[in-house]
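# Mind folding the following:
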Amino acid sequence: MRGLGPFLRDAWRLSRPYFVQSDERRSAWLLLAAVIALNLAQVGMTVLLNFWNNAFYNTLQNKDFKGFWELLFMYRHTDSGPMPGFCVIAAVYVLIAVYRTYFSQWLRIRWRRWMTERFLANWLQDRAYYRLSLQANVAKAAELGDQGTGTENPDQRIAEDLSNFVTDTLSLSIDLMSNVVTLFSFLTILWTLSGPITLLGVEIPGYMVWVALIYSALGTWVTHLVGRPLAALNFRQQRVEADFRFSLVRLRENVEGIALYGGEAEEHRSLSARFAAVIVNWWQIMQRTKLLNALVSSYTQIAIIFPIVVAAPRFFSGAMTLGDLTQTADAFGQVQGAMSWIVNSYSSLAGWRATVERLATFHRAIEATRAAGPGFVTETGSSYGLHDASLALPSGQPLLDGANLVFTSGQSVVISGRSGSGKSTLFRALAGIWPFGHGTLERPAGTILFLPQRPYLPLGTLRHVVCYPGKIGDFSDEAVLAALTEAGLAALAPRLDEEDNWAQRLSGGEQQRLALARALLARPEWLFLDEATASLDPEAETALYATLKRNLPHTTIISIAHRPTVADQHARHVVFDRPGEGPGQLRELRSDPIPKVVPSA
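So this is what the prediction gives:
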C-alpha cells in the first residue's frame, strides 16, 4: 500500500471527472447539496435534542408533570427558548433521515452508472481489454501479483469495486463532514457546561473538552496501530475472492470438456486450493478485526460512562442539575464521537482504501495501455499486408524479424506451419490487435472480417449470435435463414429467436459453422480464417470453402491451417518456418496466378 498522499490523490482523480467534467455535473452537485443539507439538518436536530434532553430531565428532577407532558407532545418555553415536543422533533428527524437516504441512493446509482460507462468505454476502446489480458498473463507467469499490474479480474473491478467506491466515498465523506459539524456544534455546549477545574493549582477552563480531546487522540492512535494491516489484507481478499469466482465460472463454461477428461478430482483440487487462499487471508482479517473490535468496543463502552464519572463531582456539589449532567454527558459523547471518527470508521476506511487502490491501478493500467498505442503503424493502401514486421511473444521471445507479407485483392492465400510456430500471432498482427511487435500494417478501405478458431458466441438469441458483431436489424429474416442453411445449420432455423448459452449448447463444429454463417451475412471484402474449420471433417471443410467462394465471389480469403485439404482451396501457399526458438521466416511455397476452381457442393 502506498502513502496517504498518493492514495488521496487517487481517490480525487477517480471522483473528480463526474463532478467536474461530466454532463451530469449540475444534477450531481444538486443532489450532493441536498444530501449535505439534510445531513446538516440532522446534526441540527441532534443539537436540538441535546437541549430538549436538558429540559426534559429537569422536569423529572422537579417532578413537573405539566412540563413533562408538554415536552413530550406539544412545546414548552425553557431557559434556552421555545422547545418543541419530542413527537414533533422525532417526526422531523425521521423525515430528514428518510430523504437523506433517498437522495444519497439516487446520487449513488447515477454516479455508479456514469463511472461504469466511463470505465467500460476506456477498457474497450483501442482494444485495451485485449492488451490488459495479455499483460495479466505475463504478470501471472512472472508472479508479479495483482497489486503490481492492475490487470487481473477487470470484471470484479468494474462490477464490484466501482459500486463499493461510490458507496464508500459518499458515505465516508458525508459522515466525516457531519462529524466535523457535530464537533463544532457541541464544542461550545460542552465548554459552557463543563466549567473549570483546578488541577495541581492550575485552573483549566472547559476541562471536559480537553478530556474528550485526549481520550479521542489516544484511541485514534492505538486504533491505527492495531488496524493498519487491514487495508492490505482487504486488498488481497478482494483479489483471492475474484480468482476463486473466476475459476468457478471457467468450470461452468467448460463442463463438457472436464466431464470428458474425467477431471473432476483435479478441478476439485484446484478450486479447493484457490478457496484455501480465501480462507487463509480471511483468517488473518479475522484475527486483526478481533483485535480492532476489542479495542473499539472497549473504547465505546468506556465512553458511555466516562463523561458521567468525570462530571459527577460538579453534580454532587450542586453546581449542575440532572438535566445539565445528562446534557453534558450527551455533549461529551457527541464531541468524543466526532473526534473518534477514525476509530469508529477504521474498518470501513481500510476497505475503501483497498477499493481505491484496485480501481486506481486498473485505471492506470488502462491509460498506460492506450497511451502506448498500437505496435504497428497502420496505413491505408490498395493491398493488405505487413511491411518490415517484427513479432514477439509477451515474454519477449522473437517470432519474426523484418518480414514482409502482402496480399492482393482477389487472391486466395493459405498460411501453414508447425504447431506453436506463431501462425495465430501472425493472424492477430494482421488484425491489428497484437501489441508486441512493430512495423507497418497496410489495410485497404474495404470491409474486413476475422474468424478465429474458437468463435465468440455472445449471450442472447441465436439471431443475435449469427448477426454478431452487426445489429439484428441490419439483416432480414431471409438473409439470416439463408446464411444458416448455406452453413449447414438449417436445423437451427426454428430456434432463431430462442435465448440460450449457445457456446455450451452447440458443438465445436456447429460453432465454427455459425461463424462462417456470419461471414456469409456480412459479405466482407477481406476474410481471414484462423483454423476456422478445424473442428469439421475434411469433406465438410471442402464443402464450406466451396460455399464461401460461391456466395462471396469478390471476397479475398486468407486462411491459416494445417490440413492439405485447406491448402488445396487456395492459389497461394505461404509457410511460417520457425524451427527453433529464434525468429522465423515466411517462405513462399506456391503462388499460382489463377486460383483453383472448386466445384460447388
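
# and L527, how many residues sit next to it?
The tally of other residues near L527 (other C-beta atoms under 10 Å) stands at 23. Quick note: C-beta positions are derived from backbone N, CA and C, even for glycine.

# Phi first, then psi, for it.
Main-chain torsions, L527, degrees, to the nearest 10: phi -130, psi 120.

# which residues does it bridge with?
Per DSSP bridges, the residues bridged to L527 are L449, I557.

# which stretches of the stretch 151-300 of the chain form strands?
For the stretch 151-300 of the chain, strands defined by DSSP state E, counting those that start in this stretch occupy the ranges 197-199, 202-204.

# pretty sure A277 contacts R239?
No: counting by C-beta atoms under 8 Å, A277 does not reach R239; the two are 9.0 Å apart.

# List the buried residues for stretch 253-268?
258, 267 (16 or more other C-beta atoms under 10 Å).

# Give me the contacts around it.
251, 503-504 (C-beta atoms under 8 Å, 6 or more residues apart in numbering).

# Switch the residues you listed over to TSV; also include distance to C467 and pLDDT.
Putting the contacts of stretch 253-268 into TSV (distance: C-beta to C-beta, whole Å; pLDDT from 0 to 100) gives the following:
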residue	distance to C467	pLDDT
L251	30	82
A503	16	84
Q504	20	81
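
# Which elements pack onto the helix or strand where G323 lies?
Element membership for G323, per DSSP states H and E: helix 322-339. Here helix 322-339 touches helix 25-61, helix 162-194, helix 207-227, helix 264-316, going by 3 or more C-beta pairs under 8 Å, 6 or more residues apart in numbering; DSSP states H and E.

# Compute the inter-axis angle for it and helix 264-316.
Relative orientation of helix 322-339 versus helix 264-316 (axes from the mean of the first three to the mean of the last three C-alpha atoms, to 10 degrees): 140 degrees.

# the inter-axis angle of the helix or strand that helix 322-339 is followed by versus helix 162-194?
Scanning forward in sequence from helix 322-339 by DSSP H and E, the next helix or strand is helix 341-372. Interaxial angle of helix 341-372 relative to helix 162-194 (the same axes, to 10 degrees): 150 degrees.

# Remind me what the helix or strand that helix 341-372 is followed by packs against, helices and strands.
Using DSSP H and E, the next helix or strand after helix 341-372 towards the C-terminus is strand 376-380. Other helices and strands packing on strand 376-380, by 3+ C-beta pairs under 8 Å, 6+ apart, are strand 437-443.

# Please state the offset of the strand it packs on from the chain centre?
Centroid separation for strand 437-443 versus its chain: 33 Å, with C-alpha atoms, centre = their mean, to the nearest Å.

# Same question for that strand: list its buried residues.
In terms of neighbour count (16+ other C-beta under 10 Å), strand 437-443 has its buried residues at 437, 439, 441-443.

# Outline the domain layout of the chain.
4-372, 376-591 (automatic domain parsing).

# And the helices and strands packed on helix 322-339: which comes nearest G582?
helix 264-316 (34.8 Å; C-beta to C-beta).

# same question for the closest one, mean pLDDT?
Mean per-residue pLDDT for helix 264-316: 82.

# distance between that helix and the chain's centre?
The answer for helix 264-316 is 27 Å, by C-alpha atoms, centre = their mean.

# what's the answer for stretch 487-498, then?
Taking mean C-alpha positions (C-alpha atoms, centre = their mean), stretch 487-498 and its chain are 36 Å apart.

# Number the chain from 895, please
All set: I'll call the first residue 895, so the last point we hit is now stretch 1381-1392.

# buried stuff in that stretch?
Within stretch 1381-1392, the residues that count as buried by 16+ other C-beta under 10 Å are 1381-1383, 1386, 1390.

# what does stretch 1047-1054 give?
Buried positions in stretch 1047-1054, judged by neighbour count with 16+ other C-beta under 10 Å: 1047-1048, 1050-1052, 1054.

# of all those residues, which two lie farthest apart?
Among the buried residues of stretch 1047-1054, P1048 and E1054 lie farthest apart (C-beta to C-beta), at 11.0 Å.

# where do the strands sit along the stretch 1295-1444 of the chain?
Going by DSSP E, counting those that start in this stretch, the stretch 1295-1444 of the chain shows strands at 1307-1310, 1331-1337, 1342-1345, 1354-1355, 1393-1394, 1420-1424.

# Redo the ones you listed as TSV? Include mean pLDDT and distance to L1189.
Shown next, in TSV, are the strands of the stretch 1295-1444 of the chain (pLDDT from 0 to 100; distance: least, C-beta to C-beta, whole Å):
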stretch	mean pLDDT	distance to L1189
strand 1307-1310	90	67
strand 1331-1337	90	56
strand 1342-1345	92	59
strand 1354-1355	88	52
strand 1393-1394	87	53
strand 1420-1424	92	60
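
# can you put those in JSON lines and add distance to A1297?
Shown next, in JSON lines, are the strands of the stretch 1295-1444 of the chain (distance: least, C-beta to C-beta, whole Å):
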{"stretch": "strand 1307-1310", "distance to A1297": "12"}
{"stretch": "strand 1331-1337", "distance to A1297": "8"}
{"stretch": "strand 1342-1345", "distance to A1297": "19"}
{"stretch": "strand 1354-1355", "distance to A1297": "40"}
{"stretch": "strand 1393-1394", "distance to A1297": "43"}
{"stretch": "strand 1420-1424", "distance to A1297": "17"}
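
# out of the ones you listed, nearest to E1273?
Taking C-beta to C-beta, strand 1331-1337 is the member of these nearest to E1273, at 5.4 Å.

# Neighbouring strands of that closest one in the sheet, and parallel or not?
Strand pairing for strand 1331-1337, using DSSP bridges, gives strand 1270-1274 (parallel), strand 1278-1286 (antiparallel).

# Packed most tightly, which of the ones you listed would that be?
Scoring these by mean neighbour count under mean count of other C-beta atoms under 10 Å gives strand 1278-1286 as the most buried, with a mean of 20.

# rewinding a little: show me which residues of the helix holding G1217 are buried.
Neighbour-count burial for helix 1216-1233 [16+ other C-beta under 10 Å]: 1217-1233.

# separation between S1313 and D1295?
Shown here: S1313 relative to D1295, a distance of 21 Å by C-beta to C-beta, to the nearest Å.

# So between these two, which is more surrounded?
D1295 (16 against 7).

# Was I right to think the more buried one contacts G1333?
No: with contacts counted by C-beta under 8 Å, D1295 stays clear of G1333, the gap being 9.9 Å.

# Overlap in contacts, those two.
Residues within reach of D1295 and of G1333 at once, by C-beta under 8 Å, 6+ apart, are S1284.

# Can you tell me which of the contacts of stretch 1147-1162 are classed as buried?
Taking 16+ other C-beta under 10 Å as the criterion, what is buried in the contacts of stretch 1147-1162 is 1145, 1397.

# on that earlier part again, kindly indicate which of the buried residues of stretch 1047-1054 lies nearest Q1305.
Minimum distance to Q1305 across the buried residues of stretch 1047-1054 is 39.3 Å, recorded for P1048 (C-beta to C-beta).

# list the contacts for M1233?
Contacts of M1233 (C-beta under 8 Å, 6+ apart): 1077, 1106-1107, 1110-1111, 1114.

# same thing but 7 Å
The contact partners of M1233, by C-beta atoms under 7 Å, 6 or more residues apart in numbering, come to 1077, 1106-1107, 1110.

# Near R919, how many residues? Count them for me, please.
R919 has 14 neighbours, counted by other C-beta under 10 Å.

# any idea which of the domains of the chain scores lowest on pLDDT?
domain 898-1266 (a mean of 81).

# what comes up buried for stretch 1461-1478?
1461, 1463-1470, 1472, 1477-1478.

# returning to what we had before: would you mind giving the buried residues of strand 1331-1337 as JSON lines with distance to L1324 added?
Below are those laid out as JSON lines (distance: C-beta to C-beta, whole Å):
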{"residue": "G1331", "distance to L1324": "11"}
{"residue": "G1333", "distance to L1324": "11"}
{"residue": "L1335", "distance to L1324": "7"}
{"residue": "E1336", "distance to L1324": "10"}
{"residue": "R1337", "distance to L1324": "9"}
